[in-house]
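[1] mind looking at a prediction? Sequence and model below.
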Number of protein chains: 2
Amino acid sequence: MSTDTPSPIRPTDDEARGLARGLIAQAQHAALGVIDPDTGAPMVTRVAFGCTPQGQPATLVSDLSHHTRALKANPAASILLGEPGPRGDPLTHPRLTLQAQVRFLRHGEAGHDEMAAHWLRDHPKAKLYIGFADFSFALFDVQRAYLNGGFGRAFVLTPDDLGF
Amino acid sequence: MSTDTPSPIRPTDDEARGLARGLIAQAQHAALGVIDPDTGAPMVTRVAFGCTPQGQPATLVSDLSHHTRALKANPAASILLGEPGPRGDPLTHPRLTLQAQVRFLRHGEAGHDEMAAHWLRDHPKAKLYIGFADFSFALFDVQRAYLNGGFGRAFVLTPDDLGF
């Protein structure tokens, strides 16, 4: 059944928690939703995705990009994780929506170098630009998450459920 | 280079128009960004994606879903199209961000049956629920689009560029 099939929210269980944590741990890119400062409307773009050494969701962005400008004006963000594979119904593939507030981790700030080294393990191509002055990490302070496990398996998760 | 590599907007050319139109024509699912009516924050979910017989972007949603409730409160939406393949750098894969206003096309309204027949050609599994009373089409009246063609090839496109 589709993502949109009426589905009551199920009680959160360890299987849902494990599925959500796995989606976060495995994702290499994501769809990022921000509020466009020019229009107040939502705007979705693709970004790289990874975690801090402590497991917090993060991305690496340039000050020159539209979404970074948006997040500086309004730190409210959403992240969609869990890419469908090349086969099967994409709407039955598990995915996770995070709602979060963003804070930036910049060159020279405490923890930046450790984060950069951690990031490069999973995103080796980022070595081409991670050192540029306009690049910084955006860390997602997650407030809540919506897990769609496929087949109408919908859950609302807390930061605790995700291990944050 | 990454999506976030500083990249001036290039003058729109026929290659960019063709790439964007192809992404719209081929997409079967997309990331939908809406404003969460409970918080005012962005929220990104995965939805089915297709076009009307006239080529307008559309999705099929249930009144019971969170994003439909959001769109009824605020019709501003964004769509991210262009899924990376299983190989290669996802941040060099072309993708298109649409900014649009949504209007609904419901059962019994002019054009609904033609749209439903058109939709089922590309989304045959939707026959399980397309007839349910709570399902309707959300049509995207596109206001502007941002094409990231990979390798810093960034363009801003108008509805005219997309053939709307």
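    It's in.
[2] neighbours of A:A30, how many?
    29 (other CB atoms under 10 Å in any protein chain shown). All C-beta spots, glycine's among them, are computed from the backbone N, C-alpha and C.
[3] leaving out the residues flanking it, which one is nearest to it?
    What sits nearest to A:A30 in space, not counting adjacent residues and going by CB to CB, 6 or more residues apart in numbering or on different chains, is A:F49, at 4.0 Å.
[4] from A:R17, how far out is that neighbour?
    A:F49 sits 19 Å away from A:R17, going by CB to CB, to the nearest Å.
[5] equivalent analysis for A:D122, please.
    With the distance defined as CB to CB, A:D122 ends up 22 Å from A:R17.
[6] the more surrounded of these two?
    Taking other CB under 10 Å, A:D122 and A:R17 do not tie; A:R17 has more neighbours (18 against 14).
[7] helix, strand, or coil at the more buried one?
    Three-state call for A:R17 (DSSP: H, G, I helix; E, B strand; the rest coil): helix.
[8] ok, A:L120 next?
    When the rule is three-state DSSP, A:L120 gets the label helix.
[9] what's the biggest strand in chain A, counting residues?
    Counting by DSSP state E, the longest strand found in chain A is strand A:135-148.
[10] which other helices and strands does that one contact?
    Packing partners of strand A:135-148 (3 or more CB pairs under 8 Å, 6 or more residues apart in numbering or on different chains; DSSP states H and E): helix A:14-26, strand A:57-62, strand A:76-81, strand A:95-105, helix A:112-122, strand A:154-157, strand B:42-48.
[11] B:F104 is nearest to which of these?
    For B:F104, the closest of the helices and strands packed on strand A:135-148 is strand B:42-48, at 13.7 Å, according to CB to CB.
[12] elements contacting the helix or strand just after the closest one?
    From strand B:42-48 onward toward the C-terminus, using DSSP states H and E, the following helix or strand is strand B:50-51. Judged by 3+ CB pairs under 8 Å, 6+ apart, the packing partners of strand B:50-51 are strand B:57-62, helix B:112-122.
[13] which one of these is the most hemmed in?
    Mean neighbour count (mean count of other CB atoms under 10 Å in any protein chain shown) peaks for strand B:57-62 among the helices and strands packed on strand B:50-51, with a mean of 24.
[14] is the helix or strand just after it anywhere near chain A?
    The helix or strand immediately downstream of strand B:57-62 is helix B:66-73, counting by DSSP H and E. Yes - on the criterion CB under 8 Å from any CB of the partner chain, helix B:66-73 is in touch with chain A at B:H66, B:T68.
[15] contacting residues around the spatially most central residue of chain A?
    Among the residues of chain A, the one closest to the centroid is A:I79, at 4.0 Å (CA atoms, centre = their mean). With contacts defined as CB atoms under 8 Å, 6 or more residues apart in numbering or on different chains, A:I79 is in contact with A:A30, A:A31, A:L32, A:G33, A:F49, A:P57, A:T97, A:L98, A:A100, A:F140, B:V44.
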